[in-house]
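**Q** after the sequence you'll find the predicted model.
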Amino acid sequence: MQNRLQFGVVIALLVGGALALGGCGVRGSLEAPPSANTETGSATPGTPGTPGITPHKPSILDPLIR
């Protein structure tokens, strides 16, 4: 019975750790490396019709993430 309880605790910790790591990161678009050639065509940054990056909303977890 105790082995089954230990197994359940280990599985719960693994699932919790995976969910915690999955929630890390900053929301936004991916950034190309500085050496990459980017082709934008006739598009200019910040023109109407293209989605912009929303401003950051402060969170209680910001000191841990940044």
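**A** Now that the structure is in, tell me what you want to look at. Numbers count the residues shown, from 1 in each chain.
**Q** buried by neighbour count: which residues of the longest helix along the chain qualify?
**A** Longest helix of the chain, by residue count under DSSP state H: helix 2-22. For helix 2-22, the neighbour count (16 or more other C-beta atoms under 10 Å) marks no residue as buried. Bear in mind the C-beta positions are built from the backbone N, C-alpha and C, glycine included.
**Q** I'd like the next helix or strand past that helix.
**A** Per DSSP states H and E, the first helix or strand lying C-terminal to helix 2-22 is helix 62-65.
**Q** who are the packing partners of the lowest-mean-pLDDT helix or strand in the chain?
**A** Of all the helices and strands that make up the chain, helix 62-65 has the lowest average by mean pLDDT, DSSP states H and E, namely a mean of 80. Packing contacts for helix 62-65, counted by 3 or more C-beta pairs under 8 Å, 6 or more residues apart in numbering; DSSP states H and E, involve no helix or strand.
**Q** buried residues, that helix. List them.
**A** Under 16+ other C-beta under 10 Å, helix 62-65 has no buried positions.
**Q** dump that helix to CSV, restricted to CA.
**A** This file holds the C-alpha atoms of helix 62-65, laid out as CSV (Å, rounded to 0.1, in the frame of the first residue of the first chain):
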residue,chain,number,x,y,z
ASP,A,62,7.6,38.5,-12.6
PRO,A,63,10.6,38.6,-10.2
LEU,A,64,10.9,34.8,-10.6
ILE,A,65,10.7,34.8,-14.4
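**Q** can you name the residues that contact residue 6?
**A** Residues near residue 6 by C-beta atoms under 8 Å, 6 or more residues apart in numbering: none.
**Q** do you know how far it is from residue 12?
**A** In this view, residue 6 and residue 12 are 11 Å apart by C-beta to C-beta, to the nearest Å.
**Q** over to residue 22?
**A** 16 Å.
**Q** how about residue 62?
**A** Applying C-beta to C-beta to residue 62 and residue 12 gives a distance of 27 Å.
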